[in-house]
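Enquirer: The following comprises the amino acid sequence and a computationally predicted model.
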Amino acid sequence: MSELKILPEFQYLYFYKLESGTSVGIHMHNCYELVYYLDGTGETPSERGTFKYKPGKIMLYEPFVKHDEHHFSNVAVCCLTFSHRPPINVPTGIYHDNGGVILGLLMAIRDEQAQGAEYCGDMTRALISQIIVKLLRHSEHGGAEDSFLSVYKYINDHFNTDIDIEKLAKITSYSYGRFRHLFKAKTGVSPMQYIIDVRLKYAKTLLAGSTLSISNIATGCGFSDISQFSVSFKKSNNLTPSEYRRQKGLVQ
């Protein structure tokens, strides 16, 4: 059973508002930064991808990840920073606060810091630990929302090239093995099979709607040669590319 070995160290918590059309500027922290969006919409470009936010969303940044923040409307946020050694296995990305539980924990931290009662530091660390566990559980069941959307978009934009699965894993900030596991849990297929399926889907539109040669379609969709394409196509459709084209009324 997984558990946190060391309690986190509180850095600071503050609330602020920013006007529509403004940006924060590229920066990074030597600790974790959690930004809870209370109001407003926008996006935050980072080394891990660009993430869109709206009220009730949480943006978590790992240490030393460069990022910015653009505001499409007036924005109100709560920002918490903390350190943790060893690092926690929660990747940079957008998370959702189901039921407002994390917001409640942030308010409790605010109250603890304002009151400064005995054992305030211990209580604050315990509250941050609860937030971390909520994020860890979220991550174990799919992770940062937009990181996988970025993977799907990357595949759709580059399916006709030689896609490196390790590069896809880096987009989500997961390890190679963890990424493959979560990807299959989300899509029902491996990353490589997903790429092949996207290629075959596009190939079918070309077979049915163009007079391109099957060889050109194969290479244009990212297959190494017509043989690899034909084997994959028949396995998926129970027809060869030529048979599929004839069925759709076009003859090679």
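Expert: Cool, got the structure. What you see is a predicted model, and the numbers here were worked out from it, not measured in a lab.
Enquirer: Any stretches of the stretch 151-252 of the chain with poor pLDDT?
Expert: For the stretch 151-252 of the chain, the stretches flagged by pLDDT under 70 are 249-252.
Enquirer: could you pull out the helices for it?
Expert: 165-172, 176-187, 191-209, 214-220, 226-237, 241-247 (DSSP state H, counting those that start in this stretch).
Enquirer: Just send those helices back as CSV, with distance to Asn156 and mean neighbour count too.
Expert: Where you see a C-beta, it was placed from the backbone N, CA and C, and this is true even at glycine. Putting these into CSV (distance: least, C-beta to C-beta, whole Å; neighbours: other C-beta atoms under 10 Å) gives the following:
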stretch, distance to Asn156, mean neighbour count
helix 165-172, 12, 17
helix 176-187, 13, 16
helix 191-209, 6, 18
helix 214-220, 15, 18
helix 226-237, 18, 16
helix 241-247, 21, 17
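Enquirer: For burial, what's the neighbour tally of Ala114?
Expert: 9 (other C-beta atoms under 10 Å).
Enquirer: tell me which element it is part of?
Expert: Element membership for Ala114 (DSSP states H and E) is helix 101-115.
Enquirer: So for that helix, what gets flagged as buried?
Expert: Residues of helix 101-115 classed as buried: 102, 105-106, 108-110, 112-113 (neighbour count, 16 or more other C-beta atoms under 10 Å).
Enquirer: Redo these as TSV? Include pLDDT and distance to Thr187.
Expert: Shown next, in TSV, are those (pLDDT from 0 to 100; distance: C-beta to C-beta, whole Å):
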residue	pLDDT	distance to Thr187
Ile102	95	27
Leu105	97	32
Leu106	97	33
Ala108	97	38
Ile109	96	37
Arg110	96	40
Glu112	94	42
Gln113	94	43
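Enquirer: Nearest to Tyr176 among these?
Expert: Ile102 (29.1 Å; C-beta to C-beta).
Enquirer: That closest one touches Lys57, doesn't it?
Expert: No. The pair Ile102 / Lys57 is not scored as a contact, 10.6 Å apart, by C-beta atoms under 8 Å.
Enquirer: Which residue, other than its chain neighbours, is closest to Ile131?
Expert: Leu105 (5.2 Å; C-beta to C-beta, 6 or more residues apart in numbering).
Enquirer: contacting residues around that neighbour?
Expert: 127-128, 130-131, 134 (C-beta atoms under 8 Å, 6 or more residues apart in numbering).
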